[in-house]
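> let's see this in three dimensions:
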Amino acid sequence: MSTTPHIEASEPNVTSNGSATNAWGTEGESSGLLAGTTPSYGATSSIAENGSHEDFPKTQERKYSNAFIARTVVALFIGVFTANADGSLVMATHPVIGSEFNDLENSSWLFIGFMLAGCATQSLYGKLSDIFGRKSLLLICYSLFAIGCALVGAGQTMWQVIIGRVISGSGGAGMTVLVALIITDLAPLREVASWQSYLNIIATTGRSLGGPVGGWLTDTIGWRWSFLGQAPIFAIAATYCWVALPSLRAEAQEPADQPGTRLGRIDFSGALLLGSGIFALMLPLEIAGSRLPWDHPAIIGLFVAGAIMLGTFVLVEEYWAKEPIFPIRLLRNPNVLLCYLISGSQNAAQLTMMFSVPLYFQVTQRSSSTVAGAHLVPAVVGNAVGALASGFAIKQTGRYKALLILATLLGITSYLLLILRWQGNTNWVESLYIFPGGLATGIAQTAVFIALQASIDVSDKAAATSGLFLTSPMGATIGMAVGSALTTAGLRKGLLVRLRELNLSADRVQEIIEGAAADVGYIDKASPSIAGAIVQSYIEGIEYSHYVSLVCSSLALVAALLLRERALRK
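Numbering: from 1, shown residues only. Presented below is the predicted three-dimensional model:
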């Protein structure tokens, strides 16, 4: 069913000469969204070879003014900043939360619950926003995040707090997708890269400040207020969006006032199968190895159940659903698959690296958690710089493939340097080797978003974009799961060899291996010879995780080389 987005609340008045004035009285801010026609994405070539669509419209593209877009994007900054700050805030406060409830071992579920809820629901928001409108869905996401934070702050048990994190995760996932979609609704594709890079910087700033602010709030007024305080912030953000954001609604072919029209368009079966299938596949990646062995029947059963549900989802979407949550035909477009591969692989590469960096400095230099975490700053700065530079370059040149190739090569260089040079005596210059890895992901995030939008028809924008954003947490989870498993395996293997050379008993060897794998602080309790064996074994294990990053970035390079570029019109 074709849909045509238009403006409800803030619809401009189009004059006879084609100019427009809106509720703010600004002229020249009309676009295809207002004119009742599908806006061109600005691609100059056809995608008919993929068998999905004809050439993109070649009509003159109309757009909102930069001033109008800036006012709108500012309305989105508050939510994006706070949601990203929340993630690192939890990293700083989860030990305190777990300790208060005498349940530190389950504090990791504050992350797992948030992530799984986001993965299970993220792909649904795109299609729902086509049906109910971007603005309405964004306000719902703000509300979910605020309610979740309030529940966390007021929770009386660990599992009540975790439920709050699950609710916040559902809202946060939709927020990410909807903000990106709103920007593409308002700006021509060549300029979307710049606006997207600004939002990436806001997100990076939020992630950077969330931890220190969360730690300070925990030490001063308590961890509960660091979550309760987010609820009014999101209330302010929702109010601002309600006033400043135009209502972009997908208008159905059926009469808009027909009862049940919109609800009838929701693919409930597809949504349930997709969300449940992703949940079943991602959960074992989070708990296998740490809580249950990889060969445990529950782990195997979850993988099998996830595969069956996703297989059924494909059949439902292909042969039954009238308006699929995610049209399977998108996956027959090579560029879409390549964009997903680049996004997932590049995120897997960097997140695997960032997982290992603090551990490396805690082991080799006996750094505190704060100092070890500070070693991630070069990668975070690289993210921001890469996003900004990529957005500027795409706006100026209309090209993105070269940027993707450059990004993957930078990532490969970074991970090779880590493998070759991080051998235990890392100086401050060598600690900057992670900067190119962060720079790579920053460049790739913006460029791959534009590459995807240039490769699809506007009617598929919401679903395809939701899929792209889903690849990020999935890639990160898979990368970290594999990297963590290899790090632990490398540690155990190396320790077994080195401890046997010290002529220790089998029981003593096993005791040391278990102690070292459970707590890096075990190094301080061991004798010099055993401590040296633990450090060298950790270095070997962490090196294996860098190979995971290298392989992932190499896969992204291959995908970038195969990607077919479509130049963007000015």
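> would you map out the domains in this structure?
Each structural domain of the chain that the record assigns through automatic domain parsing is listed here as a residue range: 62-252, 268-321, 329-570.
> give me the distance from the longest one to the chain's centre.
Pointing back at domain 329-570 there. Mean-position distance between domain 329-570 and its chain equals 14 Å (C-alpha atoms, centre = their mean, to the nearest Å).
> what do you get for the shortest one?
The gap between the average C-alpha position of domain 268-321 and the chain average comes to 20 Å, counting by C-alpha atoms, centre = their mean.
> distance check, residue 184 against residue 360.
When distances are taken as C-beta to C-beta, to the nearest Å, residue 184 and residue 360 turn out to be 39 Å apart. For the C-beta atoms, the positions are set from N, CA and C on the backbone; glycine is no exception.
> nearest residue to the middle of this protein?
When C-alpha atoms, centre = their mean is applied to the chain, the residue found nearest the centroid is residue 472 (4.3 Å).
> three-state assignment of that residue?
Counting by DSSP: H, G, I helix; E, B strand; the rest coil, the backbone at residue 472 sits in helix.
> where does the closest residue to residue 167 other than its chain neighbours land on pLDDT?
If the residues on either side of it in the chain are set aside, residue 167 comes closest to residue 148, at 3.5 Å by C-beta to C-beta, 6 or more residues apart in numbering. Looking at residue 148, its pLDDT is 93.
> neighbour-wise, which of residue 184 and residue 360 wins?
Summary of the neighbour comparison: residue 184 and residue 360, criterion other C-beta atoms under 10 Å, with residue 360 having more neighbours (25 against 21).
> so what's that one up against?
When contacts are counted by C-beta atoms under 8 Å, 6 or more residues apart in numbering, residue 360 touches 422, 426, 538-539, 542.
> for PyMOL, what selects the buried ones among these?
Typed into PyMOL, the line below selects the buried ones among those, using 16 or more other C-beta atoms under 10 Å:
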select buried, resi 422+426+538+539+542
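> the contacts of residue 360 in helices, which ones?
Mapping the contacts of residue 360 onto helices (DSSP state H) picks out 538-539, 542.
> ranges for the helices of the stretch 101-250 of the chain?
With helices called from DSSP state H, counting those that start in this stretch, the stretch 101-250 of the chain shows them at 109-132, 134-154, 158-186, 189-220, 223-228, 230-244.
> what's the closest of these to residue 344?
Closest to residue 344 of these, according to C-beta to C-beta: helix 109-132, at 12.1 Å.
> the closest one packs against which elements?
Helix 109-132 is packed against helix 66-100, helix 134-154, helix 158-186, strand 248-251, helix 268-287, helix 461-501, with contacts defined by 3 or more C-beta pairs under 8 Å, 6 or more residues apart in numbering; DSSP states H and E.
> if we can go back for a sec, need the domains of the chain in CSV (columns: distance to residue 261).
Converted to CSV, these look like this (distance: least, C-beta to C-beta, whole Å):
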stretch, distance to residue 261
domain 62-252, 6
domain 268-321, 15
domain 329-570, 18
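> tell me the pLDDT at residue 20?
You'll see residue 20 listed with a pLDDT of 37.
> returning to what we had before: contacts only, for the residue nearest to the centre of the chain.
If a contact means C-beta under 8 Å, 6+ apart, then residue 472 has 343-344, 347 as its contacts.
> list the buried ones in stretch 205-225?
Neighbour counts over stretch 205-225 (16+ other C-beta under 10 Å) mark 205-208, 210-211, 213-215, 217-218, 223-224 as buried.
> can you check stretch 472-485 too?
Under the neighbour-count criterion of 16+ other C-beta under 10 Å, stretch 472-485 has 472-485 buried.
> quick check: residue 334 touching residue 451?
No: with contacts defined as C-beta atoms under 8 Å, residue 334 does not count as touching residue 451, sitting 11.8 Å away.
> tell me which of these two has more neighbours.
Using other C-beta under 10 Å as the criterion, residue 334 and residue 451 rank with residue 451 on top: 27 against 16.
> what strand or helix carries that one?
Here residue 451, judged by DSSP states H and E, is contained in helix 435-454.
> if we can go back for a sec, residue 512 is nearest to which of the helices of the stretch 101-250 of the chain?
Comparing the helices of the stretch 101-250 of the chain against residue 512 with C-beta to C-beta, the closest turns out to be helix 109-132 (29.0 Å).
> now residue 503, what's its secondary structure?
With three-state DSSP as the basis, residue 503 sits in coil.
> span of stretch 101-118 from start to end?
Between the opening and closing residues of stretch 101-118 there is a gap of 25 Å (C-alpha to C-alpha, to the nearest Å).
> buried residues of it, list them for me.
Taking 16+ other C-beta under 10 Å as the basis for neighbour counts, the residues of stretch 101-118 that come out buried are 101, 103, 106-107, 109-118.
> point out where the chain drops to low pLDDT.
Low-confidence regions of the chain, defined here as pLDDT under 70, cover residues 1-63, 104-105, 247-260, 290, 569-570.
> residue contacts, the residue with the largest distance to the centre of it?
Of all residues in the chain, residue 503 sits farthest from the chain's C-alpha centroid, using C-alpha atoms, centre = their mean; the distance is 47.9 Å. Taking C-beta under 8 Å, 6+ apart as the criterion, residue 503 is in contact with no other residue.
> next: residue 225.
Contacts here follow C-beta under 8 Å, 6+ apart; on that basis residue 225 touches 153, 217.
> give me that answer again for 10 Å
Neighbour list for residue 225: 153, 217-218 [criterion: C-beta atoms under 10 Å, 6 or more residues apart in numbering].
> residue 117 too?
Under the criterion of C-beta under 10 Å, 6+ apart, the contact list for residue 117 reads 144, 148, 163, 165-173, 275, 279.
> recalculate using a threshold of 7 Å.
Residues counted as contacts of residue 117 (C-beta atoms under 7 Å, 6 or more residues apart in numbering) are 166, 169-170.
> just residue 479 next, same as before
With contact set as C-beta under 7 Å, 6+ apart, residue 479 has these partners: 348-349, 351-352, 548, 552.
> and the residue nearest to residue 441 when sequence neighbours are not counted, which of the three is it?
Taking C-beta to C-beta, 6+ apart as the measure, residue 441 lies nearest to residue 350, with 4.4 Å between them; neighbours along the chain are not counted. Classification of residue 350 into helix, strand or coil gives helix, according to three-state DSSP.
> isn't residue 350 up against residue 437?
Yes: at 5.6 Å, residue 350 counts as touching residue 437 under the criterion of C-beta atoms under 7 Å.
> return every residue with contacts to both of these two.
Listed contacts common to residue 350 and residue 437 are residue 379; contacts here mean C-beta under 7 Å, 6+ apart.
> which residues sit against stretch 286-300?
Contacting residues not belonging to stretch 286-300 are listed as 112, 284, 477, 484-485, 488 [C-beta under 7 Å, 6+ apart].
> just the buried residues of it, please?
Judged by neighbour count using 16+ other C-beta under 10 Å, the buried positions of stretch 286-300 are 286-289, 299.
> cool, and stretch 76-96?
Within stretch 76-96, the residues that count as buried by 16+ other C-beta under 10 Å are 76-94, 96.
> what do you get for stretch 265-283?
Neighbour counts using 16+ other C-beta under 10 Å place 265-267, 270-271, 273-283 of stretch 265-283 among the buried residues.
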